[in-house]
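**Q** quick one: sequence plus predicted model below, questions after.
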Amino acid sequence: MSIDRDTFENTSKEELAGLSIPDQVLGFLATNEDRAFKPREIASQIGVDEGAVSTALSRLKDRSLVEHKATYWAVTDDTERLEGYSGYERATALFNNQLGVENKETWREHAPDESHPSVEVALT
């Protein structure tokens, strides 16, 4: 997976070496916690082979860190479980360095008041 120059210059060798494929997958899903993805979409976004992503997802599911429905995968909403996983902390730190820390209140200000009808159908 490639990284931007700023991350290359400002991230320690240990942090870069320590971000495994499961950490990258979990970090991506956590960054996009309001969505679910197919393995090929995740692979495309993090620049890793789809087979490696599928293996990582299975391992993360065994640890109850992700949820799986049909062909879609999403990060768990169990924050205690996520916080107990050390790879989550490393991945979150790396994504925050790359993309900036998300301000959820600002995001909520721009979020729609109601869910799209397709979301309601998916939830029932």
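**A** Ah, there it is.
**Q** counting neighbours, what do you get for residue 62?
**A** As a burial measure, residue 62 scores 9 neighbours (other C-beta atoms under 10 Å). For every residue, glycine as well, the C-beta is placed using N, CA and C.
**Q** whoops, residue 36 was the one
**A** So residue 36, with other C-beta under 10 Å, has 19 neighbours.
**Q** tell me the contacts of the closest residue to residue 66 other than its chain neighbours?
**A** In space, and not counting its chain neighbours, residue 66 is closest to residue 60: 4.4 Å by C-beta to C-beta, 6 or more residues apart in numbering. Residues near residue 60 by C-beta atoms under 8 Å, 6 or more residues apart in numbering: 22, 25-26, 66.
**Q** please report phi then psi for residue 60.
**A** phi -70, psi -30 (degrees, to the nearest 10).
**Q** pLDDT at it, what is it?
**A** Here, the pLDDT recorded for residue 60 equals 94.
**Q** now rank the contacts of residue 60 by neighbours and give me the top one.
**A** residue 25 (31 neighbours).
**Q** is it true that that residue touches residue 56?
**A** Yes: in this structure, residue 25 is within contact of residue 56 by C-beta atoms under 8 Å, at 4.5 Å.
**Q** and the residue lying closest to residue 78 once chain neighbours are set aside, helix, strand or coil?
**A** In space, and not counting its chain neighbours, residue 78 is closest to residue 64: 6.9 Å by C-beta to C-beta, 6+ apart. Following DSSP: H, G, I helix; E, B strand; the rest coil, we place residue 64 in the coil state.
**Q** what about residue 64, how many residues nearby?
**A** 12.
**Q** how close does it get to residue 9?
**A** Taking C-beta to C-beta, to the nearest Å as the measure, residue 64 falls 36 Å from residue 9.
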